[in-house]
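>>> the following comprises the amino acid sequence and a computationally predicted model.
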Amino acid sequence: MRKSLNITQSSGFTLVELLIVVIILAILAAIVVPQFSATTDDARQSAYDSNLASLRAVAELYRQQHGAYPGAVAASSTTCINGANQTGAVGTPSFPLQLVNYTNAVGQACTGFDANQFRFGPYLKEGIPDNPLGTNNTVTVVNTGVLGLASGGTGGWRFDSITGELIGDH
């Protein structure tokens, strides 16, 4: 008795079919990838707008409580109570210090709260936010009354303590 072998041939994809699929995938990738890039830029711009609005709001609140914008006075020696420390060296710009610490009526900054003296702030719990379009969170304070578009290019923020104008420094 003779056995017959029933061999079936399996068919696969041809080289032409594989090339067509690869070309279609490449075209789709060329369309989709720029869309993701634009989304990243939009997200960075939105974060910049949000951080800028937050900084402007806290600077305005500081002005309402102190009668001047933060950074208008330099840090000076003062006595903090409750084991708190005075922040900043004498004569240093105090914009960041005044927003992340407790302050007294004249803008001196201290790490601790005192209901009689250091009762204002802190205005920012997490510190000065980064400039998403720049590279960091440094604040360059100027006292010119005209901030304009001049930039030092620090990658952070630029603030005029006379007018309260705040812009990205990138």
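Received it, and whenever you're ready, just let me know what you need.

>>> helix or strand right after the helix or strand containing residue 39?
Under the criterion of DSSP states H and E, residue 39 resides in helix 15-66. Per DSSP H and E, the first helix or strand lying C-terminal to helix 15-66 is helix 95-100.

>>> which residue, neighbours along the chain excluded, lies closest to the spatially most central residue of the chain?
What sits nearest the mean C-alpha location of the chain, by C-alpha atoms, centre = their mean, is residue 130, with 2.7 Å. Sequence neighbours aside, residue 137 is the residue nearest to residue 130 in space, at 4.7 Å (criterion: C-beta to C-beta, 6 or more residues apart in numbering). The C-beta positions use only the backbone N, C-alpha and C, and glycine is treated the same way.

>>> before we move on, what about residue 106?
With sequence-adjacent residues excluded and distances taken as C-beta to C-beta, 6+ apart, residue 106 is closest to residue 73, at 6.7 Å.

>>> neighbours around the one you found, how many?
16 (other C-beta atoms under 10 Å).

>>> residue contacts, it?
94, 106, 107, 108 (C-beta atoms under 8 Å, 6 or more residues apart in numbering).

>>> go again with 10 Å.
Neighbouring residues of residue 73 by C-beta atoms under 10 Å, 6 or more residues apart in numbering: 66, 93, 94, 98, 106, 107, 108, 161.

>>> which element is the residue nearest to residue 130 on?
Residue 137 belongs to no helix or strand, assigned by DSSP H and E.

>>> distance check, it against residue 15.
As defined by C-beta to C-beta, to the nearest Å, residue 137 lies at a distance of 56 Å from residue 15.

>>> how many other residues sit next to residue 136?
If we define neighbours as other C-beta under 10 Å, then residue 136 has 14 of them.

>>> now do residue 36
9.

>>> with residue 142 instead?
19.

>>> how about the one 4 residues further on?
As a burial measure, the neighbour count of residue 146 was computed by other C-beta under 10 Å and equals 10.

>>> for residue 28, same thing?
10.

>>> swap in the one 5 residues further on?
Using other C-beta under 10 Å, residue 33 is surrounded by 9 other residues.

>>> what's the separation between the closest residue in space to residue 125 that isn't next to it in sequence and residue 37?
Spatially, and ignoring its direct neighbours in sequence, residue 125 is nearest to residue 100 (7.9 Å; C-beta to C-beta, 6+ apart). According to C-beta to C-beta, residue 100 stands 34 Å off from residue 37.
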